[in-house]
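**Q** Coordinates only, no sequence provided:
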């Protein structure tokens, strides 16, 4: 399978703590994207990182990409209860906007 | 609000039946994608259309078909339904046929097969 795999599958932290999720993938990619899904809702795009980028920031989000290890990480700093959701990485190995999603990390931020 | 509208939100039907799911993409988006999300298979890409033409195909069963109309809305047709087809079906849209674009998802249609 070309799908990414997120790790851990589930993460429970206290509000104010940082949350780190990892994604590993199998094929060469041109970009990797992270999405959030609140329970019962559609996915929301968070950030896109290109294969020639190593790190990218967006507000409280920090994404890193290591193409040599075929892995990416998503860091959410100073987490809030509203960050409770599932987080998915998605790759587009053929540059066709045909995305392969990982199995997701379920984040629970306790108030 | 992503701007992508999916109808209906919920659908309950029986095995062997046929249903149609509808998606209106975000204004100005030419590409539409369909995904199936189930507990055991995760989020699976089904098919992509760009400006009315099929662009990419994923794990779409032969019992399933889709099309994109001139007004850019899309429909996903599921026939000879089986219990295993119960899932959330998402539609997403993006601006065009170029790569490296984020996708905007609707809230899905929850299909339950009894």
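**A** That came in fine, so what should we check first? All of these numbers come straight from a predicted model, not from anything done at the bench. Numbers count the residues shown, from 1 in each chain, chains lettered A, B, ... in the order given.

**Q** near chain A, which residues of chain B?
**A** B:2, B:4, B:31, B:33, B:35, B:42-43, B:45, B:48, B:55-56, B:58, B:90, B:92, B:94, B:97-108 (Cβ under 8 Å from any Cβ of the partner chain). Using the backbone N, CA and C atoms, a C-beta is placed for each residue, glycine as well.

**Q** and the residues you listed, which are buried?
**A** B:2, B:4, B:31, B:33, B:35, B:42-43, B:45, B:48, B:55-56, B:58, B:90, B:92, B:94, B:101-108 (16 or more other Cβ atoms under 10 Å in any protein chain shown).

**Q** Sitting in strands, which of those residues do you find?
**A** Judged by DSSP state E, strands contain the following of these: B:31, B:33, B:35, B:42-43, B:45, B:48, B:55-56, B:90, B:92, B:94, B:104-105.

**Q** Give me the distance from the worst-scoring helix or strand of chain A on mean pLDDT to the chain's centre.
**A** Within chain A, no helix or strand scores below strand A:5-7, which has a mean of 85 by mean pLDDT, DSSP states H and E. Relative to the centre of its chain, strand A:5-7 is centred 9 Å away, using Cα atoms, centre = their mean, to the nearest Å.

**Q** low-scoring stretches of chain B, by residue?
**A** Chain B contains residues with pLDDT under 70 at B:96-97, B:99.

**Q** nope, chain A is what I meant
**A** Using pLDDT under 70, the flagged stretches of chain A are A:1-3, A:95-97.

**Q** Let's see that with 50 instead.
**A** Across chain A, the ranges flagged by pLDDT under 50 are A:1.

**Q** how about the strands of it, start to end?
**A** Remark: strands assigned in chain A by DSSP E are A:5-7, A:10-14, A:19-24, A:31-37, A:43-50, A:55-58, A:61-66, A:71-76, A:85-91, A:100-101, A:105-110.
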